[in-house]
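>>> okay, predicted coordinates and the sequence, questions at the end:
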Amino acid sequence: MESKVTFRNAVLLQVPRGTLIREHPSKSVLYDLVEAGSSCIVAQGGEGGLGNAIFSTTMDRKPRESTQGEVGEERLVEAELQTIADVGLVGFPNAGKSTLLRALSRATPKVADYAFTTLNPQVGVVERGGEEEGHDITQVSGKGIWLILYSI
C-alpha cells in the first residue's frame, strides 16, 4: 500500500522574484529565485508514520496500532529581496505617492497630512487581468537619494 504525501504542516511562502534565500548566520546563498514561478524546498519534512489502516486485518478491522514518523529538518534562513520594484514612485513631499500606491495595489502605506510620512520604501504589486504575475511598484522615501528602478 502506498502512503499519500500530505503537506499538513508545510509552510508555503510566496516571495517576489529576485529573492535570495540565505543560511543564517553564515549568510551563504542557498537559493536565488530570479525566475517567476520558481520554487525551492528550504527544509525537508520527516517521513510520515504508519497509521492504523496498515495494521488492519480480516480479524482486527480497527487496530489501535500506529508508528511515529521521523522528525523533519530544521533550518534557520533569511530571505533577502534583491529587486525592489519594476517602477519607483518619486516626487515632492505630499504629492500623493502613498495615495497612488494605495489606489493601484493592496499596499497600505501610511498616509498623513505632513511632510516625510514615508520613512522606508513601501512596495505594492499591481495585478493586471489575465497575466500570471503583476508589476512591483515602490514608493521611495522623500529624503536622501531618489532612485527609479526598472526591471526589463
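Here it is on my side, so go on. Numbers count the residues shown, from 1 in each chain.

>>> give me the distance between the residue nearest to Ser39 when sequence neighbours are not counted and Gly88.
Nearest residue to Ser39, sequence neighbours excluded (Cβ to Cβ, 6 or more residues apart in numbering): Leu33, at 7.6 Å. Yep, even glycine has a C-beta here, placed from its N, CA and C like the rest. Between Leu33 and Gly88 the distance is 21 Å, computed by Cβ to Cβ, to the nearest Å.

>>> again with Ala79
21 Å.

>>> who has more neighbours out of the two?
Gly88 (19 against 14; other Cβ atoms under 10 Å).

>>> how distant is the helix or strand that contains that one from the center of its chain?
Taking DSSP states H and E as the criterion, Gly88 maps to strand 87-89. With Cα atoms, centre = their mean, to the nearest Å as the basis, strand 87-89 stands 21 Å off its chain's centre.

>>> please name every helix or strand in contact with it.
Applying 3 or more Cβ pairs under 8 Å, 6 or more residues apart in numbering; DSSP states H and E, we find strand 87-89 packed against helix 97-104, strand 135-139.

>>> residue contacts, Ala43?
For Ala43, the contact set (Cβ atoms under 8 Å, 6 or more residues apart in numbering) comprises 72-75.

>>> and these as a markdown table, adding pLDDT and secondary structure?
Output for these, formatted as a markdown table (pLDDT from 0 to 100; DSSP: H, G, I helix; E, B strand; the rest coil):
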| residue | pLDDT | secondary structure |
| --- | --- | --- |
| Gly72 | 80 | coil |
| Glu73 | 82 | coil |
| Glu74 | 83 | coil |
| Arg75 | 84 | coil |
